[in-house]
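*Asks:* no sequence for this one, just the structure:
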């Protein structure tokens, strides 16, 4: 253990105090809310919040993974999500819902393929040519503006090709099941939660156990060194885009089966929340995105019970600002100083 | 490398020049030119497209019958991309560049407000087919409307619930950030309370919200007899589906004209079976001009390979255009000032959406229709005049 200079130690203990204080405040607030709404309603709300959060987390993972390897905020990610939803609606329209399970699996698989192809294409055409070009701030700013441009382009393309009509998915999964202690919960919600958790476990295994995951983490910590060690960085970057887009596609199909119509601007609403979730959890951190998503989901549902139900985003952003004041890198983000 | 880039740049520039050049020089001076600004792209594109179809039908019929004073009418359409800022830009263009005689436009009140300000300042008559916010025509001499206002609609919805359905406890559920939705909810609340009814729960949700489960169980726990949900059809589809899962029957819902779309029936027709909403018209309303409009529209447009049922937006686009042409015919000489005067004098104009009279505030006095969702279709139930 290396000796720590005094002022740094004092800073660390103050940060710890702040963190403890914030946690205590959060806990008190939660107890207050729980007491005022009663256990039955609280259980219902928590389950709804967790499913909502799981979907936000699936999208947030895409933002955070791309940021991890490229330090780029991929604003086009919400549009990849939207395109995944469109692929889903077309697949379901083509094969029908005579066999719900088969339709569900087919839809998810085709949506994953479509979205990852789109994600890879966007990276190839729009981001890769910019990599390593420009100087100083431009290295970051140019791709960021390009990402915004791609987002607008994809939205308009969707409108041109698919029209601005709101399309709703056929009701693939209906009915509800009883969960002890909570009461009836829609079957689609249960399936969302299960699928999302499985996907996240799968992702964790990929990142921690496979060669690709190792390469991705290597790239994230130092691109130059990773390349010198023989990692084919452009292949890893493409695969990261594919993986992130696949998660968005799964999220999109689940989202539409359960609660949303499909339309060209549908990515914006969930995209904003997912981006906030990624920042809240610590952008670049995979468990952080999951945690951020779940927190936002539950928080959003609790706000719906209050009289401020009409503006969920306000408390969400208050929490974001509060967390960033205490922990600028987000809940699980690394505080490592960046070499510029 | 540099030369290649310079070459491709110049090709693009030339192409752009050519495109703008051809667009600018097809003016025919002997036509009567009318402008229309609509949301043909962006979030509300269906509104713009439906309205445009209605206007096109009216223009086609007019020109086939010989036009106005032996001149054909031509409508220039501009797309405001569903944005208020663009709406005022487009209205300015239509007036300054194209020198139009009058303007038709916008469904969303926010955009008609923006465009109406320009038209009013430049003294060009403007008719909105479907903007229902009260402020749209307020203190604006040159702005007219062919639809009812949200205040009239809330009044009729409240009286229908109180007098016909005989319900005494109502809940409200609306998009809090949306002017139309929260405005209509407020109007319903005021009128329903005045009649002696009780609002047991008043719940706003954030616009673009998709998960309504928590809201719905909260609404249900307050035990209202009906829930007034003045939201747009796309959100209503999801609300209705999730309501069924949450154990709130479709018959409990009452809505406003924002429900009117095929998508509502396609997406949640079964869930909303038996629900009522107030509207500008219904395909089977017993008015002579409605039936002929529906027949002509179905002959001209198709939806999924079948003749298309017109929405009220199409019917109102049609009526707005017809009202304008009617006023133009009544003028001694077709000028902006004369059109405005003629419009203000409109009395008992027989449109597809009922007979209307323009009042001193330039609003339309006309019957409001109550429609029921029944067997996968919209069925006419009653018509009421706002008091």
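*Replies:* Noted; the coordinates are in hand. This one's a predicted model, so the numbers in the text were calculated from it and none came from an experiment. Numbers count the residues shown, from 1 in each chain, chains lettered A, B, ... in the order given.
*Asks:* any idea of the pLDDT on residue A:335?
*Replies:* pLDDT recorded at residue A:335 is 60.
*Asks:* got it, and residue A:130?
*Replies:* With respect to pLDDT, residue A:130 has a value of 87.
*Asks:* Might you report the residue contacts of it?
*Replies:* Counting by C-beta atoms under 8 Å, 6 or more residues apart in numbering or on different chains, residue A:130 makes contact with A:142, A:143, A:146. For glycine as for every other residue, the C-beta is placed from the backbone atoms N, C-alpha and C.
*Asks:* In strands only, show me the residues you listed.
*Replies:* The strands in this structure, assigned by DSSP state E, contain none of those.
*Asks:* which one of these has the most neighbours?
*Replies:* Counting by other C-beta atoms under 10 Å in any protein chain shown, residue A:143 has the largest number of neighbours within the contacts of residue A:130, with 24 neighbours.
*Asks:* Chain B versus that one, what's the distance?
*Replies:* From residue A:143 across to chain B, the span is 21 Å (C-beta to the nearest C-beta, to the nearest Å).
*Asks:* thinking that residue is in contact with residue A:129, fair?
*Replies:* No: using C-beta atoms under 8 Å, residue A:143 is not in contact with residue A:129; the gap is 10.0 Å.
*Asks:* Could you export the contacts of residue A:130 as CSV, including pLDDT?
*Replies:* Listed next are the contacts of residue A:130 as CSV, based on pLDDT from 0 to 100:
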residue, pLDDT
A:142, 88
A:143, 89
A:146, 93
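*Asks:* closest to residue B:293 among those?
*Replies:* Set against residue B:293, the nearest of those by C-beta to C-beta is residue A:146 (48.6 Å).
*Asks:* Quick one: neighbours of residue A:317, just the number.
*Replies:* Count around residue A:317 with other C-beta under 10 Å applied: 12.
*Asks:* I'd like to know how far it sits from residue A:215.
*Replies:* In this view, residue A:317 and residue A:215 are 36 Å apart by C-beta to C-beta, to the nearest Å.
*Asks:* One more: residue B:281?
*Replies:* From residue B:281 over to residue A:215 the distance is 63 Å, taken as C-beta to C-beta.
*Asks:* Show me the shaky parts of the chain.
*Replies:* Picked chain A for this. Applying pLDDT under 70 to chain A flags the ranges A:1-12, A:15, A:335-340.
*Asks:* The chain in question should be chain B.
*Replies:* Applying pLDDT under 70 to chain B picks out residues B:1-29.
*Asks:* Those residues of it touching chain A, which are they?
*Replies:* Residues of chain B lying close to chain A (C-beta under 8 Å from any C-beta of the partner chain) are B:41-46, B:49, B:175-177, B:203-206, B:208-215, B:217-218, B:221, B:233-234, B:237-238, B:241-242, B:245, B:247, B:263, B:266-268.
*Asks:* Which positions in the stretch 151-300 of chain A make contact with chain B?
*Replies:* Neighbours of chain B within the stretch 151-300 of chain A, by C-beta under 8 Å from any C-beta: A:156, A:159, A:163-168, A:171, A:174, A:176, A:184, A:186, A:189, A:255, A:258-261, A:263, A:265, A:268-269.
*Asks:* Of the residues you listed, just the buried ones, ChimeraX syntax please.
*Replies:* Here is the ChimeraX command that selects the buried residues among those (16 or more other C-beta atoms under 10 Å in any protein chain shown):
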select /A:159,164,165,166,167,168,171,176,186,189,255,258,259,260,261,263,265,268,269
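*Asks:* Select from the residues of the stretch 151-300 of chain A next to chain B every entry located in strands.
*Replies:* Within those, residues falling in strands by DSSP E are A:167, A:168, A:176, A:184, A:186, A:261.
*Asks:* Max pairwise distance over those residues: which two?
*Replies:* The most widely separated members of these, counting by C-beta to C-beta, are A:167 and A:184 (28.2 Å).
*Asks:* and the residue of the stretch 201-340 of chain A found nearest chain B, helix, strand or coil?
*Replies:* Closest to chain B within the stretch 201-340 of chain A is residue A:310: 2.7 Å, counting by C-beta to the nearest C-beta. Three-state call for residue A:310 (DSSP: H, G, I helix; E, B strand; the rest coil): coil.
*Asks:* was I right about it contacting residue B:172?
*Replies:* No: using C-beta under 8 Å, residue A:310 is not in contact with residue B:172; the gap is 11.4 Å.
*Asks:* Give me the more crowded residue out of those two.
*Replies:* Remark: of residue A:310 and residue B:172, residue B:172 carries more neighbours, 23 against 20, as counted by other C-beta under 10 Å.
*Asks:* Before I go, just wanted to say thanks for your time.
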